Structures are given as C-alpha cells and as structure tokens.
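Novice: Here you go, sequence then predicted model.
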Amino acid sequence: MMQMAQETRNGWRIVSVTGRADAESAHDLEAALLAAVNEHPAVALNCVGMSYISSAGLRAILQAARAAQTKGAEFAVCAPTPSVKKVFDMSGLHHVVNIQEGLSC
Amino acid sequence: MLTMLEEVVLLTVDERTGHLRSTREFGTAYALVGALFFDLALAGKIDTDTETIHILDRSPSGNAAADRVLAQIGRRSDLKTVRDWIEEIFLQRADLEGEALGSLIARGVLRHEKSKLLWVIDVERFPLVDNQPQQHVKLRLAHAILSGQIPPTRDIMLVSVAEACGLLGFVLSDSELENRKQRIQVLCGLETISRKVREAILGLDRSVRTAMTRVV
C-alpha cells in the first residue's frame, strides 16, 4: 500500500511517498512523477516515508528521471530510508539519478 | 512487438550469412533465462526485490516459454530467490534459443535453411527475411549505450542481456565499447535480474576454473 502527497516548496514540486513502492503502486508512482515533471521545472521524490522499493518501483523512478532529462527539468530523489537506500546502492541508481540524503530541496 | 528473448536471439543471427553467432555458450544460456524473466516482468507477471522473486499474476501472458516458467514458479514454494530460479531454469537445459528461433520464423522475420557440409555434417542457417526488426534492436542498443540519456526500461534490460551474451561487439566497435565500458556497467547493474545473471555466470566461471585447476 502506498500513499502520495504533493506540495510546492522553494520552486520544487515535492512528491512525498509513504509505504511500499512495488508493482502494485509503481504505475501510480510513475504517473504522478511524470505529471509533475510535465508541469514543473524541478521535481523531487521525497522517500522519507517509503518503507520498501522493488524493481518495478525503481523502474518508475528511472522513467521519471528520463522524462525530466528529456524535458530539461531538474529531478532529485531525496531522503531515502536505510532499507530503500540499500536498494539504490545495490542498483547503482546514483549513477543516473540525483539522490540526496536529506530533503535539501 | 518481439519478446525480449526473441530480440536477443535475433541479435545472434549474422545478417550476412544467417549463421548463429555465440561468443559465450554458458553465459548466453544464463542470459536467455534472464531475458525470459524480463519478459515476465514486462508482462506484469512478476516483480523482484534485491533477492526475491514475487508472482503478481498467474494468468498466462501468451508467451509460451515465459508462461511455462511462470507456472513452474507458481508450483514450487521451495525456490524463492531470483538466483535460485535462474539456476533452476538454466539446469533444465530448455532450448530457449530454439523456441525463439521458431517464433521468429513464424513471425516472418527469419527463414530456416538446412544443408550438408562435406555431405555429412548438418548445417543450419537462419537468414533474415525482414531485416528491420534486427536493425531496430541494434539501433536501440547503440542509442542506449552511446547517448547520455536514461534509456527506456526495455532498452536497459536489452543492454544487460546482450552484454551477458557477448553480443554488443556485433553492434558497436571495440573502441566504442571501450569508451562506454562504465556506461554499460551502470546499465547492467540497474536491474536485479541482470545482476543475478551476472552472479550466476561468474559462479560458473569460478567452478570451471576450480575444476580445471584440479585436473591440471
């Protein structure tokens, strides 16, 4: 189960996720991120409440980052929990996506 | 649209002669199993985390090879990890390459020719009937590797399977591959299935080296 909330702060559209980013929720996550990228020049995915991420969830983030790259928008993934950060580290996501330890945006 | 397995097997066909090119026999066998799991993931049948495979939907996808594996995963509760399943399907020695070739012939992409070498040895060739699908696969691979853009999900998967099969040398020059080595490694690391295929290949390499050391 995943819940999302959105707000705009300091010019960044922040998409905050709570719960699991897995196959069940990946489509909704990707759709929300793509819509945010489409409408805002800077988008951050706040992972502070994300408890789990699967391969499907990672693909959703990657495709949002791809859309931002194509559009020339800024995209960052912020404040991953230790378990989510472990998945990011194993996949080497930081090589292709801007990952911030805190919610600096 | 071709399946991931079909796209990779299509890449092994020499466009000039129709012969199949394979540079890493066991590596290719493992990588084709990986392609099958990617087909299941793309069809929304499975998901993975860093170790475990999860079934999302047991209904058939219409891809015979993938559905056979999906049914097996559903029946076996003792195997849970991606690596377990890659090894299990690898050990079954299913002719995934043959199935994909048959499917490509049925789709009108290839044709099958048999001949004799020195009147004794059977020689099989699979000349391209339509070269567009293979060109499309090569273009996507080249763009995924040479550009600085994040590739589409499907192309990230394709790069990792083609790399494990040793097929990238048929798409890009040696210097291009050398220059983009780091990029290829990054793309190959993004997916759990790719990482586990690589671990399986390295594990087999280690076993072979150990066995050879004992013999010598």
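Specialist: Done, it's in.

Novice: and whichever helix or strand B:F37 is part of, is it in reach of chain A?
Specialist: Per DSSP states H and E, B:F37 falls inside helix B:25-42. Yes: counting by CB under 8 Å from any CB of the partner chain, chain A is contacted by helix B:25-42 at B:A41. Any C-beta I mention is one placed from the backbone N, CA and C, and that applies to glycine too.

Novice: residues contacting B:E99?
Specialist: B:L5, B:A64, B:A65 (CB atoms under 8 Å, 6 or more residues apart in numbering or on different chains).

Novice: between the residues you listed, which is nearest chain A?
Specialist: Nearest to chain A among the contacts of B:E99: B:L5, at 18.2 Å, using CB to the nearest CB.

Novice: Quick one, which of the contacts of B:E99 are buried?
Specialist: The neighbour count (16 or more other CB atoms under 10 Å in any protein chain shown) marks B:L5, B:A65 as buried among the contacts of B:E99.

Novice: about what we covered before: who are the packing partners of the helix holding B:F37?
Specialist: helix B:4-11, strand B:46-48, helix B:64-75, helix B:82-91, helix B:96-106, helix B:153-164, helix B:192-215 (3 or more CB pairs under 8 Å, 6 or more residues apart in numbering or on different chains; DSSP states H and E).

Novice: Up against chain B, what does chain A have?
Specialist: Counting by CB under 8 Å from any CB, the residues of chain A close to chain B are A:22-24, A:52-56, A:58-59, A:62-63, A:65-66, A:69-70, A:86-87, A:90-93, A:95-97.

Novice: try it again with 10 Å
Specialist: By CB under 10 Å from any CB of the partner chain, the residues of chain A that approach chain B are A:22-24, A:26-27, A:30, A:52-60, A:62-70, A:75, A:83, A:86-87, A:89-97.

Novice: in stretch B:8-16, what's buried?
Specialist: Using 16+ other CB under 10 Å as the test for burial, stretch B:8-16 gives B:V8, B:V9, B:L10, B:L11, B:T12, B:V13.
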